[in-house]
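Participant: Any chance you can model this:
(one chain, ligands or ions: 3)
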Amino acid sequence: MTTISTRGSTRHTELADWVSQVAAHTTPDEVVWVTGSDEESREINALLVEGGTFVPLAEDKKPNSFYAASDPEDVARVEGRTYICSQDEKDSGHTNNWMDPAEMKGILNDLFAGSMAGRTMYVIPFVMGHLDADEPMFGVEITDSAYVVASMRIMARVGDPVLATMEELQADYVKGLHSVGAPLRNANGDDVSDVAWPCNETKYIVHFPEERAIWSYGSGYGGNALLGKKCYALRIASVMARDGGWMAEHMLILKLTSPEGAVHYIAAAFPSACGKTNMAMLDTTLPGWKAETVGDDIAWMRFGEDGRLYAVNPEFGLFGVAPGTGYGTNPNAMHTIERGNSIFTNVARTDDGDVWWEAMTEQTPEQLTDWHGNDWTPADGEDGTKAAHPNSRFCTPIEQLPTLAPEYYEPNGVPISAILFGGRRKDTVPLVTEARDWQHGTFIGATLSSETTAAATGQVGVVRRDPMAMLPFIGYNAGDYLGHWLDIGKQHDESKLPKVYLVNWFRKSDDGAFLWPGFGENTRVLKWIVERLEGSAGAEETPIGLTPRAEDLDTSDLDLTADELAAAIAVDPAEWREELPLIQEWFDKFGDSLPQQLADELDTLTQRLS
Ligand SMILES: Nc1nc2c(ncn2[C@@H]2O[C@H](COP(=O)(O)OP(=O)(O)OP(=O)(O)O)[C@@H](O)[C@H]2O)c(=O)[nH]1
Ligand SMILES: O=C([O-])CC(=O)C(=O)O
Ligand SMILES: [Mn+2]
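Facilitator: Ligands and ions are numbered 1, 2, ... in the order given. Predicted structure coming up:
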């Protein structure tokens, strides 16, 4: 056997063995251990520019930043190709794809055999959350994509300091194996030329929950390829959390300070591309209210000794939806990317070396290069053709965020006062509703629904149930996951648990316009929530929970008619009665995995609506 040239090594013996085995199987030309140094970053970026994956942006626009265009077929998460391969099929549940782990490994071993030929295999030691946490959560991603290395360096804490601690502890870690599935030598041993965005038509995003392992093949797109994010921090971590009595959730974490100086930490679960990043860096519109960011996508929550639920953001960067992000809607995100050091994928470009996407600026530039690399003018947009892909993304260091809360650095996290569930519903769901208790809150989360978005491949705009905004991310049986939520309520002092709310920024009038201005104006909803937590705001009992009356919301200086506000906050029992069979149909899919308390909650709702 020939030895593969290697840069770097480890004293973690089990890790060293695994890396050798993978290298022997995938046959890269070289193995490189990622150190996390600045010099390495320059080297990787230069390689990506040389290979055509990266186009540098103008230094006076976005310093040390790059544009990348993916293969047009590799633009989003592929839920149909995502598997939870538990030993027992029942542990995967009806919401996940499943295959017997041994059978799946057979398929994947064939695909990975020689899949890195002609390429460099990078080994990325990383930690999700803090390296000085009580139990640091290690991972190692092996990948043949330099784009993944550049992105992982932004999204997670990586490199030498992590590896040193892993070695010292001979620590356990999550094994993530990734290949774009585009070897640079064919079956005859002939060289194949590389492309700017290598990937494979065949894609598999596979999780082996008992082994805490992830095998991802064929895609270079964020959610499929940056294995620390959805694959580890949600799918694998949700299994660890079930086993360990904690929670791994698709939630932002916001610090909100009232004019009186009272601090509340709020977590919110909205499905992909439904407003987490935006709310996490909210630009408040009410005088004296201050919002700061702890996290924008993932929350790991554990109970503190005081009985409260504490949330940590395990990530180190932001991987945000570009379209819709602008100076008007999310100035803080704009200021973050202006500082540079970012990767922009599938956005449009301006003639002066900057990036652009729909709604970034009030005026659309006269001349752009679209995400396919073609010339684009506003006339091309008249038929709805976008200059940037709807799921185009910015990848940027969270430390550049001007609103980053100092508590982001707190290894034990922040105590959560309220959990918000929300989705895109053009009808039925009012602006805000308070759950009666934890069990009712779990029911609200379990029946959360939203119109699908471009964050995953497939049809956009179809209403689907998305429990706790975790449908694509629950790493085990969804019924057991809902049971875990209920157990949390039973095992802990309910008076110390967060209060639960349902929100909807996306309700529309008959003419199709959003009823609620959203974005910064969501401060008004948060103010009501904080006042509810403090016992000072009024609410009305409705069949679905407690909602504010118009006079309970602060609408000072809000550009909204009384009728529009009334329509935004209204609970229409007729609309909700139409929802009941849909919830029943959703619950039926769980079979005997559905916790009885949730069936009871549906009965209660049915009675309240009759
Ligand atoms: N109408 C309206 N649109 C919003 C609001 N908040 C966010 N959006 C839009 O929703 C889209 C997605 O928002 P994000 O905040 O990036 O979504 P996310 O939940 O962080 O998404 P993922 O990163 O995919 O998990 C963007 O186009 C936003 O402009 C709001 O309050 N009202
Ligand atoms: O995972 C991704 O690609 C981006 C993301 O946050 C989501 O889809 O929820
Ligand atoms: Mn997300």
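
Participant: Where do the strands of the stretch 401-550 of the chain begin and end?
Facilitator: Ranges of strands within the stretch 401-550 of the chain are 414-422, 432-434, 449-451, 463-465, 499-503, 540-542, 545-547, based on DSSP state E, counting those that start in this stretch.

Participant: for the stretch 51-200 of the chain, that is, sorry about that
Facilitator: Going by DSSP E, counting those that start in this stretch, the stretch 51-200 of the chain shows strands at 55-56, 66-68, 82-84, 120-128, 137-143, 157-158, 174-179.

Participant: Give me the distance between the fifth one and the centre of its chain.
Facilitator: It refers to strand 137-143. 18 Å (C-alpha atoms, centre = their mean, to the nearest Å).

Participant: ditto for the third one
Facilitator: Computed by C-alpha atoms, centre = their mean, the separation of strand 82-84 from the middle of its chain amounts to 17 Å.

Participant: Show the model's pLDDT score for whichever residue of the stretch 1-150 of the chain sits closest to ligand 1.
Facilitator: At 8.8 Å from ligand 1, Arg77 is the closest residue in the stretch 1-150 of the chain, using C-beta to the nearest ligand atom. Just so you know, the C-beta spots here come from the backbone N, C-alpha and C atoms, and that holds for glycine as well. The per-residue pLDDT reported for Arg77 equals 98.

Participant: what's the spacing between the residue in the stretch 1-150 of the chain positioned nearest to ligand 3 and Ile444?
Facilitator: Nearest residue of the stretch 1-150 of the chain to ligand 3, counting by C-beta to the ion: Arg77, 9.0 Å away. From Arg77 across to Ile444, the span is 25 Å (C-beta to C-beta, to the nearest Å).

Participant: got a list of what the closest residue to ligand 3 within the stretch 401-550 of the chain touches?
Facilitator: Ranked by C-beta to the ion, the top residue of the stretch 401-550 of the chain for proximity to ligand 3 is Ala455, at 7.0 Å. Neighbouring residues of Ala455 by C-beta atoms under 8 Å, 6 or more residues apart in numbering: 76-77, 223, 271-273, 321, 391.

Participant: Identify the bridge partners of Met247.
Facilitator: Met301 (DSSP bridges).

Participant: What of the one 5 residues further on?
Facilitator: Residues in a beta bridge with Leu252, per DSSP bridges, are Ala268.

Participant: number of nearby residues for the residue lying closest to Asp74 once chain neighbours are set aside?
Facilitator: In space, not counting the residues next to it along the chain, Asp74 is nearest to Cys199; the distance is 4.6 Å by C-beta to C-beta, 6 or more residues apart in numbering. A count of nearby residues for Cys199, using other C-beta atoms under 10 Å, gives 23.

Participant: pretty sure Cys199 contacts Ser216?
Facilitator: No: look at Cys199 against Ser216 with C-beta atoms under 8 Å: they stay out of range, at 11.2 Å.

Participant: Which residues of the protein lie near ligand 3?
Facilitator: 272, 297 (C-beta under 5 Å from the ion).

Participant: residue ranges with poor pLDDT in this protein?
Facilitator: 1-2 (pLDDT under 70).

Participant: Quick check, central residue of it?
Facilitator: Ranked by distance to the mean C-alpha position of the chain (C-alpha atoms, centre = their mean), the top residue is Asp297 at 4.4 Å.

Participant: measure the closest residue to that residue other than its chain neighbours to Gly520 for me?
Facilitator: Spatially, and ignoring its direct neighbours in sequence, Asp297 is nearest to Lys276 (5.9 Å; C-beta to C-beta, 6+ apart). According to C-beta to C-beta, Lys276 and Gly520 sit 15 Å apart.

Participant: picking that back up, could you dump the strands of the stretch 51-200 of the chain into TSV with distance to Trp98 and mean neighbour count added?
Facilitator: As requested, the strands of the stretch 51-200 of the chain are exported to TSV (distance: least, C-beta to C-beta, whole Å; neighbours: other C-beta atoms under 10 Å):
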stretch	distance to Trp98	mean neighbour count
strand 55-56	40	17
strand 66-68	33	23
strand 82-84	6	23
strand 120-128	25	26
strand 137-143	23	25
strand 157-158	31	24
strand 174-179	19	25
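
Participant: Which of these sits closest to ligand 2?
Facilitator: Closest among the strands of the stretch 51-200 of the chain, once you apply C-beta to the nearest ligand atom, is strand 82-84, at 10.8 Å.

Participant: what residues does the closest one touch?
Facilitator: Contacts for strand 82-84 (C-beta under 8 Å, 6+ apart): 91-93, 96-99, 104, 204-207, 209, 235, 472, 475-476.

Participant: For the stretch 201-350 of the chain, which residues are neighbours of ligand 2?
Facilitator: Within the stretch 201-350 of the chain, the positions near ligand 2 by C-beta under 6 Å from any ligand atom are 222-223, 229-230, 272, 297, 319.

Participant: Who wins on neighbours among these?
Facilitator: Lys230 leads these on contacts (other C-beta under 10 Å) with 27 neighbours.

Participant: Return the residues in contact with that one.
Facilitator: Lys230 makes contacts with 77, 223, 472-473, as judged by C-beta under 8 Å, 6+ apart.

Participant: Asp306 too?
Facilitator: By C-beta under 8 Å, 6+ apart, the neighbours of Asp306 are 415, 496.

Participant: Pull up the gap between it and ligand 1, please.
Facilitator: Distance, Asp306 to ligand 1, using C-beta to the nearest ligand atom, to the nearest Å: 30 Å.

Participant: ditto for Ile214
Facilitator: 19 Å.

Participant: if we can go back for a sec, what about the contacts of Ala455, which one has the most neighbours?
Facilitator: Neighbour counts for those, by other C-beta under 10 Å, peak at Pro271, which reaches 28 neighbours.

Participant: these two touch, right, that residue and Pro467?
Facilitator: No: counting by C-beta under 8 Å, Pro271 stays clear of Pro467, with 10.1 Å between them.

Participant: which residues do those two both contact?
Facilitator: Common neighbours of Pro271 and Pro467, using C-beta under 8 Å, 6+ apart, are Leu448.

Participant: Against Lys229, how distant is the residue of the stretch 51-200 of the chain found nearest ligand 2?
Facilitator: Closest to ligand 2 within the stretch 51-200 of the chain is Arg77: 5.1 Å, counting by C-beta to the nearest ligand atom. Per C-beta to C-beta, Arg77 is found 10 Å from Lys229.

Participant: what's the overlap in contacts for those two?
Facilitator: Counting by C-beta under 8 Å, 6+ apart, the residues touching both Arg77 and Lys229 are Gly223.

Participant: Tell me where the stretch 101-250 of the chain has helices.
Facilitator: For the stretch 101-250 of the chain, the helices defined by DSSP state H, counting those that start in this stretch occupy 101-112, 146-155, 160-169, 222-225, 237-244.
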